[in-house]
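K.L.:
this one's structure only:
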């Protein structure tokens with residue numbers, strides 16, 4: 001059992017280290033808000049309820065602003081992420097030095113950048129992360145009431161961002177790993193706590209699904225589980241699903257990684273170092289160390305194992321925690337302080353650079369989107385000057401290949417212009433919501449057979465004839 005003793009005198013120091021690291025890592029995005037995927041829609045209320053994120057929807061409707069607030073959304077999230085690192089340090093019973101190292105590595109690991117790119121979720125996901133950390137404190141400090149609070153808090157956490165559901169059980173394994181790194185080898189406490197946390201989490205999930213179903217019914221939304229659509233076990237053989245998950249973990253996180261994840265291999269090195277040092281305590285200690293280390297290594301991928309397939313980088317919510325704790329535990333084995341500091345600085349500053357480059361690539365992509373939008377709207381007004389004073393229904397067909405020199409390989413959604421996605425409604429949202437023109441976005445589901453016939457004979461923009469008014473809808477053909 002993790003009996004938490006809170007030392008309030010050291011709160012400020014690791015928090016300030018974490019917040020300062022956040023500012024360095026996300027400084028460019030704080031000063032240059034970028035509009036990327038899913039940030040183009042002004043009102044996401046019903047859409048997020050449809051996705052099962054009703055907690056996010058309620059927070060946005062009654063507390064925060066839809067869809068985001070420049071500077072504030074990211075700044076608030078960075079404060080909550082920094083506070084989360086502090087609460088995690090308390091739960092993990094880290095000393096001051098360990099807390100500082102852990103907090104720096106946690107907040108600068110670039111996985112969070114892939115989540116914060118969706119700035120419409122920035123405040124709520126940061127808050128959910130903090131609440132989730134606090135639920136572990138309540139679990140240990142308040143008896144039966146604490147268990148109840150754990151369930152209620154995690155119902156709300158899951159309703160904001162579902163992948164955070166696995167964070168509590170991951171923290172239990174990380175605490176055991178930390179104790180092993182200090183020479184304490186016990187499985188009983190880990191097993192009991194893991195079972196209890198898992199049972200309470202299952203109760204939280206059941207309550208969450210019941211509320212989700214009722215809310216969807218209230219808003220007359222077809223009840224289709226977002227999670228069930230991800231499951232691949234029923235779409236391929238068991239062997240294929242296992243191979244798929246193995247390749248996903250190996251390639252995306254350890255070999256040919258997502259951009260910025262280059263240091264994640266250090267988790268294996270740190271785990272190996274801690275496991276090796278346990279040999280001197282005997283065979284039992286070594287076996288316990290190997291078992292807990294195996295659980296810790298797999299813990300960021302619980303969701304992938306359950307669904308039998310890979311997921312975007314932003315869903316691997318446990319990864320920063322696993323990286324920060326395992327690497328900091330490995331660094332504590334280094335006796336030379338200058339060497340330790342140099343390694344921490346190299347990892348943290350490199351990670352900060354990765355994050356700023358990712359967001360700069362998004363800024364370039366948005367500049368390209370804005371330029372193309374202005375050119376196309378100019379051409380529409382030039383072709384149909386009578387449309388300048390009215391709301392124009394516009395359908396964009398096809399894609400435009402855009403060369404973004406700052407786009408990084410394996411950077412997921414970063415650095416991609418809306419014109420590369422081939423989604424008319426997203427382009428329309430961007431043009432209208434950035435004030436470039438008063439248009440009505442038209443989706444592919446609203447296009448008639450007459451529109452489709454006209455599109456087949458039209459040339460691609462910017463050629464003459466690539467813009468055409470058909471039955472009151474402006475068709476813009478971007479490509480074949």
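P.N.:
Cool, the structure landed. Nothing here was measured: the structure is a model prediction, and the numbers come from that model.

K.L.:
how's this structure carved up into domains?
P.N.:
Here the domain parsing of the chain from automatic domain parsing is 8-333, 362-477.

K.L.:
of all these, which one comes closest to residue 351?
P.N.:
Nearest to residue 351, of all these, is domain 8-333, at 4.2 Å by C-beta to C-beta. No exception for glycine: its C-beta is placed from N, CA and C like everyone else's.

K.L.:
got a markdown table for the domains of the chain, with mean neighbour count and distance to residue 355 too?
P.N.:
Formatted as a markdown table, the domains of the chain follow (neighbours: other C-beta atoms under 10 Å; distance: least, C-beta to C-beta, whole Å):
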| stretch | mean neighbour count | distance to residue 355 |
| --- | --- | --- |
| domain 8-333 | 19 | 5 |
| domain 362-477 | 17 | 10 |
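
K.L.:
can you list the ones you listed in a markdown table and add mean pLDDT?
P.N.:
Putting the domains of the chain into a markdown table (pLDDT from 0 to 100) gives the following:
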| stretch | mean pLDDT |
| --- | --- |
| domain 8-333 | 92 |
| domain 362-477 | 92 |
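
K.L.:
of all those domains, which lies closest to residue 353?
P.N.:
Closest to residue 353 of the domains of the chain is domain 8-333 (C-beta to C-beta; 8.8 Å).

K.L.:
my guess is residue 119 contacts residue 39, does it?
P.N.:
Yes. Between residue 119 and residue 39 there is a contact under C-beta atoms under 8 Å: 5.5 Å.

K.L.:
please enumerate the shared neighbours of the two.
P.N.:
By C-beta atoms under 8 Å, 6 or more residues apart in numbering, residue 119 and residue 39 have these common neighbours: 67, 68.

K.L.:
so where do the helices sit in the stretch 251-400 of the chain?
P.N.:
Ranges of helices within the stretch 251-400 of the chain are 266-277, 283-298, 302-307, 319-331, 337-383, based on DSSP state H, counting those that start in this stretch.

K.L.:
what angle do the longest one and helix 319-331 make?
P.N.:
Using axes from the mean of the first three to the mean of the last three C-alpha atoms, to 10 degrees, the interaxial angle of helix 337-383 with respect to helix 319-331 works out to 160 degrees.

K.L.:
any idea how far residue 435 is from the residue nearest to residue 43 when sequence neighbours are not counted?
P.N.:
Nearest non-adjacent residue to residue 43, counting by C-beta to C-beta, 6 or more residues apart in numbering: residue 66, 5.5 Å away. As judged by C-beta to C-beta, to the nearest Å, residue 66 and residue 435 stand 17 Å apart.

K.L.:
enumerate every residue touching residue 420.
P.N.:
Going by C-beta under 8 Å, 6+ apart, residue 420 touches 399, 400, 401, 402.

K.L.:
and for the third one, nearest residue in space, chain neighbours not counted?
P.N.:
When you say that, I think you mean residue 401. Nearest to residue 401 is residue 420, by C-beta to C-beta, 6+ apart, at 7.0 Å.

K.L.:
where does that neighbour fall, phi/psi-wise?
P.N.:
Residue 420 adopts backbone torsions of phi -90, psi -10, taken as degrees, to the nearest 10.

K.L.:
with residue 471 instead?
P.N.:
Note on residue 471: backbone dihedrals following degrees, to the nearest 10 are phi 60, psi 40.

K.L.:
who's in contact with it?
P.N.:
448, 450, 451.
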